[in-house]
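K.L.:
3D, please:
(one chain, ligands or ions: 3)
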Amino acid sequence: MTPLAGQPILTAGEMRATEAAAIDRGATVDSLMARAGHAVAAVVLRLASGSPVLVLCGPGNNGGDGYVVAAALAAAGLAVRVAATGAPMSDAAKNARAGWTGPVETLADVAPAPILVDALFGTGLSRALDSTASAALGRCVAAARLSIAVDLPSGVATDDGVLFGMVPAFDLTLTLGAAKPSHLLQPAASRCGQVRILDIGIAAESSVETLARPGLPPPGPQAHKYSRGMVAIVGGAMPGAAALAAEAALRSGAGYVLLLAEGGAQAPHAIVRRPFSPEALNDKRIGALVIGPGLGRDAEAEARLDHALGAPCPLVIDGDALHLLDDRRLALVRDRDAAVIMTPHSGEFDALFGAGTGSKIDRARAAADRAGATIVFKGADTVIAAPQGPVRLAGAGNPWLSTAGTGDVLAGAIGAVLAGQPEAPFEAACAGVWLHAEAARRIGAAFIADDLARALTAARASL
Ligand SMILES: NC(=O)C1=CN([C@@H]2O[C@H](COP(=O)(O)OP(=O)(O)OC[C@H]3O[C@@H](n4cnc5c(N)ncnc54)[C@H](OP(=O)(O)O)[C@@H]3O)[C@@H](O)[C@H]2O)[C@@H](O)CC1
Ligand SMILES: Nc1ncnc2c1ncn2[C@@H]1O[C@H](COP(=O)(O)OP(=O)(O)O)[C@@H](O)[C@H]1O
Ligand SMILES: [K+]
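P.N.:
Ligands and ions are numbered 1, 2, ... in the order given. The predicted model follows:
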């Protein structure tokens, strides 16, 4: 069983192609199904602690996996019952069905069991479950002590996080061969519970991966404040937001943070404060410039953004600055020599790039290509995309992050990492997102953005 971090993510189509490649190398659908079913059964056997199991089987190969699981658990001595939507349709599923010698109950009035295994539908689901299957699944999951989905919870689309209908929340999802987008994209991810990947002997590869713990080394013995990275934060109408970003940058490992803002909230004394001036942006020691948190949207904000776009250093564009990015400024972003990272939430993303089509992954990729910038598409799920490049998905984070100012903290954290490695903006964005999520995980519940900025010290120190 492999946890999600740092693993490839494959769509349903990519899984089919990977399965076909394995078959070209001598595997069969039956052998893959046997391996998948036995891997699932081994986990269920361990977790069931002898309790009776109910396996729900659908018409396709996900159902086929279910029959293999049921037969393997019965052979191991567990009390197992099977209920199915009907007869299996594929050859492999028919063969697997033949290996189950017990009765097959109908779904409509099936009695629940303490352990529920959902093998109704997986990557082949194309529409909502019918009302009988949906009701039976909901009832059995609600009554179970432990509910386990095989590959995906039945009722979620594989590629875009969409729910086709009502889908109950499972305790555990055992995904076969590789993670799928819906294990990380909302709302589907919220139905998966814990997700673990089971090896079924296929070689899964993708440029889309789950976010991994970054490799950010501590400062070397020769480090000084400028070598660790100098971050300048351009403030504006709401000084508190820029101060949050500044504190976050300092606590994420920046050696020097310069807050270019007038008056307002007090930040830690380690932050150097100066009123904004265009000349300040020409300081060659600045490793990254952050603009947007608390910038405002007035004429002065526009002028500061234009100065920032013209500055020679890497840039993080967030909040208000994203709202000010018209076509002319987007062209400036594209033409810059130094890197740009943009951190829109969904409202900012839609306003900038339009509603678009496809999954959050597709949309983030298209935006990165269009802007020629790394895009951090934030929300309850976060997608990080590089232009013509890789994509990383952050798993479900701490929902207490849904409070004002936490995005300002993220911009500062990303700025700190970017200042230390200006040649690797995509990796810097990923590391900033990881630090932010780790800080939130560490503080737990009912925090405010100021607490989150402070918690970045412990998150950074943990690396
Ligand atoms: N890839 C791999 O490497 C391996 C994959 N394996 C397993 O195979 C799974 C994928 O199997 P799959 O392609 O047969 O699809 P699956 O999800 O079982 O269901 C599709 C069936 O249901 C039907 N159908 C669709 N929607 C429906 C609805 N709402 N209500 C009713 N029917 C509906 C649809 O037919 P349709 O009606 O759309 O023509 C089709 O008959 C995968 O998740 C994994 O568990 C492993 O065994 C081995 C290695
Ligand atoms: N439900 C949630 N679960 C996990 N993370 C969340 C959730 N809601 C928001 N976040 C995270 O919190 C931050 C909010 O940023 P943003 O919307 O820009 O807030 P603000 O503009 O107030 O600073 C983002 O990093 C986002 O990914
Ligand atoms: K399933």
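
K.L.:
per-residue pLDDT, the closest residue to ligand 2 within the stretch 201-350 of the chain?
P.N.:
Of all residues in the stretch 201-350 of the chain, His345 sits closest to ligand 2, at 3.8 Å by C-beta to the nearest ligand atom. (Each C-beta comes from the backbone N, C-alpha and C, glycine too.) We have a pLDDT of 97 for His345.

K.L.:
Ala135 too?
P.N.:
Looking at Ala135, its pLDDT is 97.

K.L.:
that one in helix, strand or coil?
P.N.:
helix (DSSP: H, G, I helix; E, B strand; the rest coil).

K.L.:
OK, contacts around the residue nearest to the spatial centre of the chain?
P.N.:
In the chain, the residue lying closest to the centroid (C-alpha atoms, centre = their mean) is Ala394, at 2.5 Å. Residues in contact with Ala394 (C-beta atoms under 8 Å, 6 or more residues apart in numbering) are Leu184, Thr210, Leu211, Asp381, Thr382, Val383, Ile384, Val433, Trp434, Ala437.

K.L.:
by neighbours, which of these wins?
P.N.:
Across the contacts of Ala394, neighbour numbers were computed from other C-beta atoms under 10 Å; Val383 holds the maximum, 29 neighbours.

K.L.:
wait, does the strand or helix carrying that residue contact ligand 2?
P.N.:
Using DSSP states H and E, Val383 sits within strand 382-385. Yes: Strand 382-385 lies within reach of ligand 2 by C-beta under 6 Å from any ligand atom, at Thr382.

K.L.:
for the record, mean pLDDT for whichever helix or strand comes after that strand?
P.N.:
Note on strand 382-385: by DSSP H and E, the next helix or strand toward the C-terminus is strand 391-394. What strand 391-394 shows for mean pLDDT is 98.

K.L.:
how far is strand 391-394 from where the chain is centred?
P.N.:
Taking C-alpha atoms, centre = their mean, to the nearest Å, the mean C-alpha location of strand 391-394 is offset from the chain mean by 5 Å.

K.L.:
what strands flank that strand, and is each parallel or antiparallel?
P.N.:
Take DSSP bridges as the rule and strand 391-394 pairs in its sheet with strand 208-210 (parallel), strand 382-385 (antiparallel).

K.L.:
possible to save these as JSON lines with mean pLDDT and distance to Val80?
P.N.:
Output for these, formatted as JSON lines (pLDDT from 0 to 100; distance: least, C-beta to C-beta, whole Å):
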{"stretch": "strand 208-210", "mean pLDDT": "98", "distance to Val80": "32"}
{"stretch": "strand 382-385", "mean pLDDT": "98", "distance to Val80": "40"}
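
K.L.:
who wins for proximity to ligand 3 among those strands?
P.N.:
Of all those, it is strand 208-210 that lies closest to ligand 3, at 20.0 Å by C-beta to the ion.

K.L.:
other SSEs contacting the helix or strand following the closest one?
P.N.:
Proceeding N to C from strand 208-210, the next assigned helix or strand is strand 230-234, under DSSP H and E. Strand 230-234 sits against helix 239-251, strand 256-260, strand 286-291, helix 406-420, with contacts defined as 3 or more C-beta pairs under 8 Å, 6 or more residues apart in numbering; DSSP states H and E.

K.L.:
do you know which of these lies nearest Arg365?
P.N.:
Shortest distance between Arg365 and the helices and strands packed on strand 230-234, using C-beta to C-beta, is found for helix 406-420: 18.8 Å.

K.L.:
that closest one packs against which elements?
P.N.:
Secondary structure elements in contact with helix 406-420, counted by 3+ C-beta pairs under 8 Å, 6+ apart, are strand 230-234, helix 239-251, strand 286-291, strand 315-317, helix 319-323, helix 425-443, helix 449-461.

K.L.:
nearest to ligand 3, of the ones you listed?
P.N.:
helix 425-443 (27.6 Å).

K.L.:
can you give me the end-to-end span of stretch 124-140?
P.N.:
Terminal residues of stretch 124-140 are spaced 22 Å apart (C-alpha to C-alpha, to the nearest Å).

K.L.:
low-confidence regions, the chain specifically.
P.N.:
The chain contains residues with pLDDT under 70 at 264-265.

K.L.:
give me that answer again for 90
P.N.:
Flagging of the chain using pLDDT under 90 yields the residue ranges 1, 203, 217, 226-227, 239, 263-267, 355-356, 395-396.

K.L.:
now do the contacts for Ala36.
P.N.:
By C-beta under 8 Å, 6+ apart, Ala36 lies in contact with Asp65, Val68, Val150, Leu176, Gly177, Leu198, Ile200.

K.L.:
tell me if it really is in a strand.
P.N.:
No: assigned with three-state DSSP, Ala36 falls outside any strand and is helix.

K.L.:
any idea how far it is from ligand 3?
P.N.:
Look at Ala36 and ligand 3: by C-beta to the ion, to the nearest Å, they are 12 Å apart.

K.L.:
again with Pro52
P.N.:
Per C-beta to the ion, Pro52 is found 20 Å from ligand 3.

K.L.:
that residue contacts Arg81, correct?
P.N.:
Yes: under the criterion of C-beta atoms under 8 Å, Pro52 makes contact with Arg81 at 7.3 Å.

K.L.:
have a look at these two and say which one is more surrounded.
P.N.:
Taking neighbours as other C-beta under 10 Å, Pro52 and Arg81 compare with Arg81 leading, 19 against 14.

K.L.:
domain assignment for the protein?
P.N.:
Domain assignment for the chain by automatic domain parsing gives 12-202, 230-457.

K.L.:
closest to Leu216 out of these?
P.N.:
Nearest of the domains of the chain (C-beta to C-beta): domain 230-457, 5.7 Å.

K.L.:
span of the closest one from start to end?
P.N.:
Using C-alpha to C-alpha, the two ends of domain 230-457 sit 17 Å apart.

K.L.:
same check, this time on stretch 21-38
P.N.:
End-to-end for stretch 21-38, by C-alpha to C-alpha: 21 Å.

K.L.:
distance from the chain centre to it, please.
P.N.:
29 Å.

K.L.:
stretch 147-156 now?
P.N.:
18 Å.

K.L.:
please apply the same query to stretch 114-124.
P.N.:
Between the centre of stretch 114-124 and the centre of its chain there are 23 Å (C-alpha atoms, centre = their mean).

K.L.:
please apply the same query to stretch 383-395.
P.N.:
On C-alpha atoms, centre = their mean, the centre of stretch 383-395 falls 9 Å from that of its chain.

K.L.:
okay, it in PDB with CA atoms only?
P.N.:
The C-alpha trace of stretch 383-395 is given here as PDB (Å, rounded to 0.1, in the frame of the first residue of the first chain):
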ATOM      1  CA  VAL A 383      -3.300  22.500  -8.900                       C
ATOM      2  CA  ILE A 384       0.100  23.800  -9.700                       C
ATOM      3  CA  ALA A 385       1.000  23.900 -13.500                       C
ATOM      4  CA  ALA A 386       4.100  25.000 -15.300                       C
ATOM      5  CA  PRO A 387       3.900  26.300 -18.900                       C
ATOM      6  CA  GLN A 388       4.300  23.300 -21.300                       C
ATOM      7  CA  GLY A 389       5.400  21.400 -18.200                       C
ATOM      8  CA  PRO A 390       4.500  19.300 -15.300                       C
ATOM      9  CA  VAL A 391       1.500  19.500 -12.900                       C
ATOM     10  CA  ARG A 392       1.200  18.800  -9.200                       C
ATOM     11  CA  LEU A 393      -1.900  18.300  -7.200                       C
ATOM     12  CA  ALA A 394      -2.200  18.900  -3.500                       C
ATOM     13  CA  GLY A 395      -4.300  16.500  -1.600                       C
END
